[in-house]
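[1] make a model of this:
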Amino acid sequence: MSEAITASATLPQPTDVKAAVDASLAHFFEQRIAAAQSIDPSYVHLWTTIRHLSGSGGKRIRPYLTSLVYSAYSSHESFEKVLPVATAQELLHLAMLIHDDVIDRDVLRYGTPNVSGSYDTHYETLIPEAKERRHFSDSAALLAGDLLISDAYLMISQASAVTIEQRLSAQELLHQAIFHVVGGELLDTEASFKKLASAHPITIAEHKTASYSFVTPLLIGATLANATREEQVFLKQLGYCLGIGYQIRDDLLGSFGDETVTGKSTEGDLREGKRTTLTDEFLRLATDEQKAVFHATFGNSDASGEDITALKHVIEESGAVAAIEQSIAQYENEASDSIEQLSIDDDAKQAFRQLVKRCLYREK
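    Below is the predicted model:
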C-alpha cells in the first residue's frame, strides 16, 4: 500500500457540495433558458420544466462522491475545482430519472409532476384524448432527457480547471456508466413481465445502481486527483459494495418501509410480481406452506389489502427480512475493508465510513 495521503484541511460536507451544485445548476438552467428564447417559447417552456424538476429534490450524492474522493487525494485543493465535472453527473442522473419515469409510466417525481406529468397538464386543452396526450407528453420527456445527457458531456468538456486528458477520461467513464445503466434498466424493465425468470436482482443492481451511481462518481474523482490504479481498484470495490447494498436496502424498503417516510407504496413490487433480493431470499428459506401463500398473491395486481398483508407476514416469518439485513451488513463490512485499503488519512476514511452508513441504513 502507498503512503497515506493527507487530504486538504477540510473535507467537503454533503451540504456544502449540494449548495455548490445547486448554484451551478441554477446558472446552467439560466443560460439554457436564455438560449432557448431565440428559438421558440415552447422550447423555453421545456427548459423551465426541467429546471423546476431539478430543483424539486435530490441529495446530489453523485457530485458529493466525486468531490469527496478528489479532496481525499488532493492536498490543498478545493472541491470547487472539479465542480463542473461533479455537476455534470447530476445532469446525467436527472436524465436517467426522466427516462426511467417514462418507462415506469410515472407522472410524479419528488412529490411533484415530472416532465411527463407537467406536459400532460400543459397539453390538456390542446389534446383532449388522454392516450394521445400521454404520447406527446412522454415525447417531451424523452427530449428533455436527451438534452441533459448531451449537456453532461459538454459541461465536462468545459471544465477548464482540470487538464484535457482528465476531461477525456471523465467523459469515457461517463460513457461506461451510461452503457451499464441502460443494460441494467433493460433487465429491470423485463423483470416486470419475466417475473421470477428475470435476471438476478444482484446483476441488475450492479449495472443499474452501483455502476453509474457509485462506481463512476468515485472513479471520476480519483481520475481528477490522479490517484493510482491500485487506489482506483479499491474505490471500485467500495462503489460496488455501496451500490449493491443500497439497492438491497431499496428492495427491503419497497415492501417493508414506512410509507410516510419513503413517500412510496409498499405494495407495488409485490403486486407487480417483481423479482428482488427479498423475493429470492424468501423462496430460498420459505416452507411449502409459506410458498403457497406467496404464489397465490405475488404478481396479482388485483390482490386485496388483506392478501398483501398476509404475503408480507409470511415473507417476514420465513426469515427473509432478517437475511436481507444480514446481507446488507456483509456489504457494509466489505465496504469497510475497501476503505481500510485506501491510502488516505483517517479523516477521509471516517468520511467514507459515514457515507456507507447513510447509504446502507437509510429509511427512504
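
[2] quick one: S169 from C241, how far?
    Using CB to CB, to the nearest Å, we find S169 at a distance of 23 Å from C241. C-beta coordinates here come from the backbone N, C-alpha and C atoms, glycine included.

[3] who's more crowded, the two?
    More crowded of S169 and C241, by other CB atoms under 10 Å: C241, with 25 against 18.

[4] so what's that one closest to, chain neighbours aside?
    Nearest non-adjacent residue to C241, counting by CB to CB, 6 or more residues apart in numbering: A335, 3.9 Å away.

[5] wait, what's in contact with the one you found?
    Contacts for A335 were tallied using CB atoms under 8 Å, 6 or more residues apart in numbering; they are L238, C241, L242, G245, V356, L360.

[6] between the residues you listed, which is nearest G55?
    Proximity of those to G55, judged by CB to CB, is greatest for L242, which lies at 26.1 Å.

[7] which helix or strand contains the closest one?
    helix 229-256 (DSSP states H and E).

[8] which other helices and strands contact that helix?
    helix 201-204, helix 216-224, helix 268-272, helix 277-285, helix 305-317, helix 320-341, helix 346-360 (3 or more CB pairs under 8 Å, 6 or more residues apart in numbering; DSSP states H and E).

[9] can you state the direction angle for the longest one and helix 277-285?
    If I follow you right, that is helix 320-341. Put simply, helix 320-341 runs at 120 degrees to helix 277-285, going by axes from the mean of the first three to the mean of the last three CA atoms, to 10 degrees.

[10] what residues of helix 320-341 count as buried?
    In terms of neighbour count (16 or more other CB atoms under 10 Å), helix 320-341 has its buried residues at A320, V321, A323, I324, S327, I328, Y331, E332, E334, A335, S338, I339.

[11] average pLDDT for the helix holding L242?
    Helix 229-256 shows a mean pLDDT of 97 in the predicted model.

[12] that helix relative to helix 305-317, how many degrees between them?
    Calculated by the same axes, to 10 degrees, helix 229-256 forms an angle of 140 degrees with helix 305-317.

[13] just the buried positions in helix 229-256, please.
    Neighbour counts over helix 229-256 (16+ other CB under 10 Å) mark 231-232, 234-255 as buried.

[14] try stretch 20-34
    For stretch 20-34, by 16+ other CB under 10 Å, it's A20, V21, D22, S24, L25, F28, F29, R32, I33.

[15] switch these over to JSON lines; also include pLDDT and secondary structure.
    Formatted as JSON lines, those follow (pLDDT from 0 to 100; DSSP: H, G, I helix; E, B strand; the rest coil):
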{"residue": "A20", "pLDDT": "98", "secondary structure": "helix"}
{"residue": "V21", "pLDDT": "98", "secondary structure": "helix"}
{"residue": "D22", "pLDDT": "98", "secondary structure": "helix"}
{"residue": "S24", "pLDDT": "98", "secondary structure": "helix"}
{"residue": "L25", "pLDDT": "98", "secondary structure": "helix"}
{"residue": "F28", "pLDDT": "98", "secondary structure": "helix"}
{"residue": "F29", "pLDDT": "98", "secondary structure": "helix"}
{"residue": "R32", "pLDDT": "98", "secondary structure": "helix"}
{"residue": "I33", "pLDDT": "98", "secondary structure": "helix"}
